[in-house]
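Visitor: attaching a predicted model along with its sequence, questions to come.
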Amino acid sequence: MKELAHINKYLLKYKYHLLLGTIFIIIANLFGVVPAVVVRHSFDLIQESFQLYNLFDGLPLQESTHDTFVLSIFVFAAVILASALLRGVFMFFMRQTIIVMSRLIEYDLKNEVYEHYQSLPLSFYRKNNTGDLMNRISEDVSKVRMYVGPAIMYGINLATMFIIVIPFMLSINVELTLYSLIPLPFLSFSIYYVNNIINRRSEEIQRSQSNLSTFVQEAFSGIRVIKSFVREKDYDKSFAEASDDYKLKSLRLAFVQALFFPLIMSLIGLSVILTVYIGSAGVLTGELSTGNIAEFIIYVNMLTWPVTALGWITSIIQSAAASQKRINEFLGAKNDIVSEKNIKKEIDGRLVFDQVSFTYPDSGIQALKNVSFDVKSGDSIAIIGTTGSGKSTIANLICRMYDATQGQVSIDEVPIQDLNLASVRRSIGYVPQDVFLFSESIKDNIAFGSSDITEEQIMEAADNADLTDNISKFPQGMETVLGERGITLSGGQKQRVSIARAIARSPKILILDDCLSAVDTKTENSILNSMKRIMVDKTTVIISHRVSSAQLADKIIVLDDGEIIEQGSHQELISKNGIYKNLYEKQIQGEESLSN
Ligand SMILES: Nc1ncnc2c1ncn2[C@@H]1O[C@H](COP(=O)(O)OP(=O)(O)OP(=O)(O)O)[C@@H](O)[C@H]1O
């Protein structure tokens, strides 16, 4: 339960909502008691009036007894009606304060979790899957809201109702009070028990539902593969199995839910029977009036809902505590990519790797071994190598997605970990290997990384990325929306939008991670020509499999299994007659045979 202490700061923030809500609950409950007292008086009045009416039979007083009786009943009815109305009004205020408070806390907590997610390093996202991240910010936060909303509201309601109603009952008759309250603890315990079963089964359904959605989502994303491999029937079968599981779990839940209301009604009925039975005995001995029995039935009815809620509240609090525990686990995750010295400076772009080694923390794979190179500001370096040789890892270290395990990465001769993280990342234009574009217009995607970019700069970036011709063919041009709501770009088009996005912000360091792999050689040449111009005042890191991209750079390093095995300019490496030359010849031959 201590996990929920995290929410106390929010309860403190909204203390006035809570305080007002409590006052409204108390007032609403007081108006709930008034009709019970009035009903007792009405019952007693009816009995007495009948006796008087019969006593004055044939006398003029009989008429006035009748008139007084009618007037009193009318007044009583008006009081009951007014109390019910006022109770309703204050219950409305109660919800408007406490339930509104819970929604405000839900909003704050969601923002807190999301803000924390954003601050966490890439390694956190590798360790935890997206579904889990989403669940904690939606499902779990909703469960915590149930605690700060309904659970607190009905908890206060229960306490104030008992404090107000029980003294009234005891003041009338202690024995009748005890008997009529006997079934209530059983009611509360049964609700708690049944509710726990309902919660458990609902969670099973949720898991089954999320399996089903993941299955369907993957099937739709991979529909091209499914169709081309003719696997539709197998997928139908797997879907039917997953769906069957969901159906069985739903039926199991429906069974318990069906038990819920009959159980409550029978226990409430038992309370009423006991009240009438014991009360009637009291009436016979003259200790109680019939009005007292009617009044008690109302009290018992008033107490049953809060008592029922007690079981429900307990299970809400339990599941809120479990959810908050999960949320706290993520809120407790620390960002180890921080800058102690936090030096804020204009980045010029000199890039030095000094004996850098790096092992991925989650997989334990050593991706770089003693890598050293030095790129002067405004110069370019190409990194070429086989698959898995560590090329993208170098890009990750320059963007400070991770810190080197050994050795030192520095920018402008300052260790990267001493520089302000945002100013490092702001000075970098990164074109990642796996292109990700947002479901927005092409224009917004290009402008993504730059807050005050002009239309001309967007167009220039699109031009330099060789996009303009393609875009002009789309009916909405730059306003064309991408993704699920819009059109699907080809692999090469996506890569070029991603290049335009990186160059649009005029970065000091430009990293192109294998970003021309999906374009043909003609487009590659055209982009590379523009690149020569763009690269003039930028430090450029070109990561590629293709020598055609690499030869553009002032310096080339060849990586193999995380180690530099060759380095130099294009000419130097060709004259070395080593691996680079070998690669160069193979690729040139490949291109020639393609063009023949
Ligand atoms: N986030 C990660 N977590 C754990 N291991 C990783 C991660 N990213 C890469 N690796 C591992 O590190 C090694 C180097 O990967 P890297 O992506 O740097 O290679 P690469 O040269 O860019 O390959 P490619 O040309 O195929 O993109 C690989 O063995 C890879 O499995």
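Guide: Received it, and whenever you're ready, just let me know what you need. Numbering: from 1, shown residues only.

Visitor: enumerate the residues of this protein near the ligand.
Guide: Proximity of the chain to the ligand is confined to 126, 360, 362-363, 365, 367, 385, 387-393, 433 under the rule CB under 6 Å from any ligand atom. For glycine as for every other residue, the C-beta is placed from the backbone atoms N, C-alpha and C.

Visitor: in PyMOL, how would I select just the buried ones from those residues?
Guide: Here is the PyMOL command that selects only those of the residues of the chain next to the ligand that count as buried (16 or more other CB atoms under 10 Å):
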select buried, resi 367+385+389+390+391+392+393
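
Visitor: excluding chain neighbours, what is closest to residue 20?
Guide: In space, not counting the residues next to it along the chain, residue 20 is nearest to residue 97; the distance is 4.8 Å by CB to CB, 6 or more residues apart in numbering.

Visitor: helices and strands around the host helix or strand of that neighbour, which ones?
Guide: Per DSSP states H and E, residue 97 falls inside helix 61-119. Taking 3 or more CB pairs under 8 Å, 6 or more residues apart in numbering; DSSP states H and E as the contact definition, the neighbouring helices and strands of helix 61-119 are helix 8-13, helix 15-55, helix 141-146, helix 152-172, helix 290-331.

Visitor: and it, average pLDDT?
Guide: Averaging pLDDT along helix 61-119 yields 90.

Visitor: next, the angle helix 152-172 makes with it.
Guide: Angular relation of helix 61-119 and helix 152-172 on a 0 to 180 degree scale: 150 degrees, by axes from the mean of the first three to the mean of the last three CA atoms, to 10 degrees.

Visitor: low-scoring stretches of the stretch 401-550 of the chain, by residue?
Guide: Scanning the stretch 401-550 of the chain with the threshold set as pLDDT under 70 gives 484-487, 518.

Visitor: can you give me the helices for it?
Guide: 421-426, 442-446, 455-464, 468-473, 491-504, 521-534, 547-550 (DSSP state H, counting those that start in this stretch).

Visitor: can you check which of the ones you listed gets nearest to residue 251?
Guide: Closest of the helices of the stretch 401-550 of the chain to residue 251 is helix 491-504, at 45.6 Å (criterion: CB to CB).

Visitor: just how off-centre is the closest one within its chain?
Guide: Averaging C-alpha positions (CA atoms, centre = their mean, to the nearest Å) puts helix 491-504 30 Å from its chain's average.

Visitor: okay, the angle between it and helix 521-534?
Guide: 0 degrees.

Visitor: same for helix 491-504, what does it pack against?
Guide: strand 428-431, helix 442-446, helix 455-464, strand 509-513, helix 521-534.

Visitor: now do stretch 327-338, average pLDDT.
Guide: Throughout stretch 327-338, pLDDT has a mean value of 88.

Visitor: can you measure across it, start residue to end residue?
Guide: As for stretch 327-338, its first-to-last residue distance stands at 22 Å under the measure CA to CA, to the nearest Å.

Visitor: got the buried residues for that stretch?
Guide: Neighbour counts over stretch 327-338 (16+ other CB under 10 Å) mark 327-328, 330, 333, 337 as buried.

Visitor: of these, which is the nearest to the ligand?
Guide: The closest of the buried residues of stretch 327-338 to the ligand turns out to be residue 337 (CB to the nearest ligand atom; 14.0 Å).

Visitor: does the closest one sit in a helix, a strand or a coil?
Guide: Under the three-state scheme (DSSP: H, G, I helix; E, B strand; the rest coil), residue 337 adopts coil.

Visitor: quick check: angle from the helix holding residue 97 to helix 15-55?
Guide: Using the same axes, to 10 degrees: helix 61-119 against helix 15-55 is 160 degrees.

Visitor: now helix 61-119, how far from the centre of its chain.
Guide: Computed by CA atoms, centre = their mean, the separation of helix 61-119 from the middle of its chain amounts to 32 Å.

Visitor: go on, stretch 459-471?
Guide: Between the mean C-alpha location of stretch 459-471 and the chain-wide mean there is a distance of 37 Å, by CA atoms, centre = their mean.

Visitor: for it, measure first residue to last.
Guide: 11 Å.

Visitor: buried residues in that stretch, which are they?
Guide: For stretch 459-471, a neighbour-count test (16+ other CB under 10 Å) marks 459-462, 464-468, 470-471 as buried.

Visitor: tell me which of the residues of the chain next to the ligand fall in strands.
Guide: Judged by DSSP state E, strands contain the following of these: 367, 385.

Visitor: from the residues of the chain next to the ligand, pick the one nearest residue 255.
Guide: For the residues of the chain next to the ligand, the residue nearest residue 255 by CB to CB is residue 126; the value is 41.9 Å.
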